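> What shape does this take:
(chains A and B)
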2 protein chains.
Amino acid sequence: MPGHRSHIADRRELRADARHNRDRILDAAREAFAARGLDVPMAAIARRAGVGVATLYRRFPSRESLVTAVFSDQVAECAGAVDEALADPDPWHAFQTLVEKVCAMQVADKGFTAAFMTAFPEAIDFERMRRRAEQGLAEVVRRAKAAGRLRADFAIADLVVLMQANGGVAAMAGESAAVASRRLVAYMLQAFRAGSPAGNAAEDNAADNKAAERAVPLPPPAPLRLVHALAPQT
Amino acid sequence: MPGHRSHIADRRELRADARHNRDRILDAAREAFAARGLDVPMAAIARRAGVGVATLYRRFPSRESLVTAVFSDQVAECAGAVDEALADPDPWHAFQTLVEKVCAMQVADKGFTAAFMTAFPEAIDFERMRRRAEQGLAEVVRRAKAAGRLRADFAIADLVVLMQANGGVAAMAGESAAVASRRLVAYMLQAFRAGSPAGNAAEDNAADNKAAERAVPLPPPAPLRLVHALAPQT
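Modelled structure (predicted):
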């Protein structure tokens, strides 16, 4: 009923508020770490998040706990994106959404992951993360190809190329990076799609005959493994 | 006649040898400047080029003269690529070749241009170069669109996005950079092409009807001008 608010709704709202606060702190911290390094003053992070310093310290008693929370948040987001892709019944939608999410995360990251791994090289089981991401991605790619939606000559290494390319775009200052990244990713996804010129035309031969005529084979894939995208560049 | 060699042929061969030598020195110098900065020892450049130090100094009496020669060489190569594109009777071939050449140059450059512009900010009339490149590129793009070969929603800013992306790929170590760049550029050119999904389907409606059905509109172009690709990044 409008106007009526149950205790349950109140509690739910409180929890939502708290989570919203936590997200704001983590977002502000990630931005601050990316912009000014991992030793940025806690007060500056609180200011950026729009919360008091006391609130910040109540949630994250030390800088380490905050840095690690930001990183864990990103790892969880990344793993969640792979899991969602694996649960998606539409293999192309799964592939496309995963690529878009990973590239958007990379733009938001602004070098934070590299800084974290340099400061805390032993903090996470990187090998395990890498293997899990590699296996998940390989399965998403396999399904999209099997459904005839992803071109047959697509290579996993092409995702590494895209992430390196997206990293170049992400290095731009300001809002342009996000806009440019979305445009880059949209173009690449259209090129990855089966049925684009030189792509896998098995899906609809009649429509793609003309495209196949104009087909230009791709140059060989780059000799890159996923670790080249996940590990900080040297 | 086989076995007979005229004086003219000898002289021509001598000139070709000399030019070959000069090219080797300039290539070695560009690589050395890119890898070790503009103050790399002249002896290291001679060694890398496989010529004696005396030969190097006979051609380039000072470091400045060598640095400037390397840079002028690149500017001439770049201007030459635009001129060739403007002279090409096939508008798509012109566009494609120009994009491929510029991106290959960027990979070979390895940050040399940025280092040069930082060290000698007044050495060249950058404004004039920029205007000329912008006008030439705009004309190549206009022709490729008019011929229905380049998609109608392609924006000049997309070349800047590609160059930023290619810069990210070029930052990789070793041979992978060149291989990855060729793959990236091939994908992007296929996506730029009219007739790819969501592209300009005016050229051959029947063949592209199916593609148009699957069409996904591009996100808005990035608010970037060519100067963002030509100027060293900050």
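> tell me the contacts of the closest residue to residue A:139 other than its chain neighbours?
Counting by C-beta to C-beta, 6 or more residues apart in numbering or on different chains, the nearest residue to residue A:139 once its immediate chain neighbours are dropped is residue A:86, at 6.3 Å. C-beta here means a position set from N, CA and C on the backbone, and glycine is covered the same way. Under the criterion of C-beta atoms under 8 Å, 6 or more residues apart in numbering or on different chains, the neighbours of residue A:86 are A:94, A:136, A:139-140.
> So in chain A, where's the weakest helix or strand by average pLDDT?
helix A:205-213 (a mean of 43; mean pLDDT, DSSP states H and E).
> residues near the nearest residue to residue A:25 once chain neighbours are set aside, how many?
Taking C-beta to C-beta, 6+ apart, and ignoring the residues beside it in sequence, residue A:25 has residue A:49 as its nearest neighbour in space, at 4.7 Å. Residue A:49 sits with 21 neighbouring residues when counted by other C-beta atoms under 10 Å in any protein chain shown.
> Kindly report the same for residue A:125.
Around residue A:125 sit 10 other residues, with neighbours defined as other C-beta under 10 Å.
> for residue A:136, same thing?
Number of residues near residue A:136 (other C-beta under 10 Å) recorded here: 18.
> One more: the one 5 residues further on?
Neighbours of residue A:141 under the rule other C-beta under 10 Å: 22.
> Wait, it touches residue A:157, no?
No: proximity of residue A:141 to residue A:157 does not meet the contact threshold set by C-beta atoms under 8 Å, at 11.0 Å.
> start to end distance for stretch A:45-58?
Here the two ends of stretch A:45-58 are set 14 Å apart, with distance taken as C-alpha to C-alpha, to the nearest Å.
> mind listing what the spatially most central residue of chain A touches?
Centre of chain A computed as the mean C-alpha position; nearest residue by C-alpha atoms, centre = their mean is residue A:102, 2.2 Å away. The contact partners of residue A:102, taken as C-beta under 8 Å, 6+ apart, are A:78, A:81, A:163.
> State the three-state secondary structure for it.
Recorded secondary structure, residue A:102: helix (DSSP: H, G, I helix; E, B strand; the rest coil).
> roughly how far apart are it and residue A:85?
Distance check for residue A:102 against residue A:85: by C-beta to C-beta, to the nearest Å, it reads 10 Å.
> Over to residue A:48?
If you measure residue A:48 against residue A:85 using C-beta to C-beta, the figure is 32 Å.
> between the two, who's got more neighbours?
Neighbour count, other C-beta under 10 Å: between residue A:48 and residue A:85, residue A:85 has more, with 25 against 17.
> quick one: that one and residue A:140 touch, right?
Yes: with the criterion set as C-beta under 8 Å, residue A:85 and residue A:140 qualify as a contacting pair; they are 4.8 Å apart.
> Mind listing the shared neighbours of these two?
Between them, residue A:85 and residue A:140 have A:94-95, A:98 as joint contacts when contacts are counted by C-beta under 8 Å, 6+ apart.
> So what touches stretch A:153-164?
Taking C-beta under 8 Å, 6+ apart as the rule, stretch A:153-164 contacts A:99, A:102-103, A:106, A:137-138, A:141, A:145, A:184-185, A:188, A:192, A:198-200, A:217-218, A:221-226, A:228-229, B:168-169, B:171-172, B:180, B:183-184, B:187.
> now that stretch: mean pLDDT?
With pLDDT averaged residue by residue, stretch A:153-164 scores 93.
> got it, and stretch A:221-230?
This predicted structure assigns stretch A:221-230 an average pLDDT of 70.
> ok, whatever residue of chain A ends up closest to chain B - contacts?
When scored by C-beta to the nearest C-beta, chain A has residue A:168 as its residue closest to chain B, at 2.2 Å. Neighbour list for residue A:168: B:164-171 [criterion: C-beta under 8 Å, 6+ apart].
> quick check: longest helix of chain A.
When secondary structure is assigned using DSSP state H, the longest helix within chain A turns out to be helix A:7-36.
> Which neighbouring elements make contact with it?
Other elements packing on helix A:7-36 under the criterion 3 or more C-beta pairs under 8 Å, 6 or more residues apart in numbering or on different chains; DSSP states H and E are helix A:42-49, helix A:53-59, helix A:63-87, helix A:91-109, helix A:112-119.
> Can you mark which positions in the fourth one are buried?
Within helix A:91-109, the residues that qualify as buried are A:91-92, A:94-104, A:106-109, counting by 16 or more other C-beta atoms under 10 Å in any protein chain shown.
> again, but for the last one
By neighbour count, and taking 16+ other C-beta under 10 Å as the criterion, the buried residues in helix A:112-119 are A:112-117.
> can you check the first one too?
Neighbour counts using 16+ other C-beta under 10 Å place A:42, A:45-46, A:48-49 of helix A:42-49 among the buried residues.
> so what secondary structure elements neighbour it?
The elements that helix A:42-49 packs onto, with contact taken as 3+ C-beta pairs under 8 Å, 6+ apart, are helix A:7-36, helix A:53-59, helix A:63-87.
> can you check the shortest one too?
If you count contacts as 3+ C-beta pairs under 8 Å, 6+ apart, helix A:53-59 packs onto helix A:7-36, helix A:42-49.
> Please name the residues that touch residue A:110.
Residue A:110 touches A:30-31, A:34-35, A:170, counting by C-beta under 8 Å, 6+ apart.
> Kindly supply the PyMOL command isolating those of those that are buried.
In PyMOL, selecting the buried portion of the contacts of residue A:110, with burial taken from 16+ other C-beta under 10 Å, looks like this:
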select buried, chain A and resi 30+31+34+170
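> Now render the contacts of residue A:110 as a markdown table, adding distance to residue A:130 and pLDDT.
Shown next, in a markdown table, are those (distance: C-beta to C-beta, whole Å; pLDDT from 0 to 100):
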| residue | distance to residue A:130 | pLDDT |
| --- | --- | --- |
| A:30 | 21 | 88 |
| A:31 | 26 | 87 |
| A:34 | 22 | 82 |
| A:35 | 27 | 81 |
| A:170 | 21 | 89 |
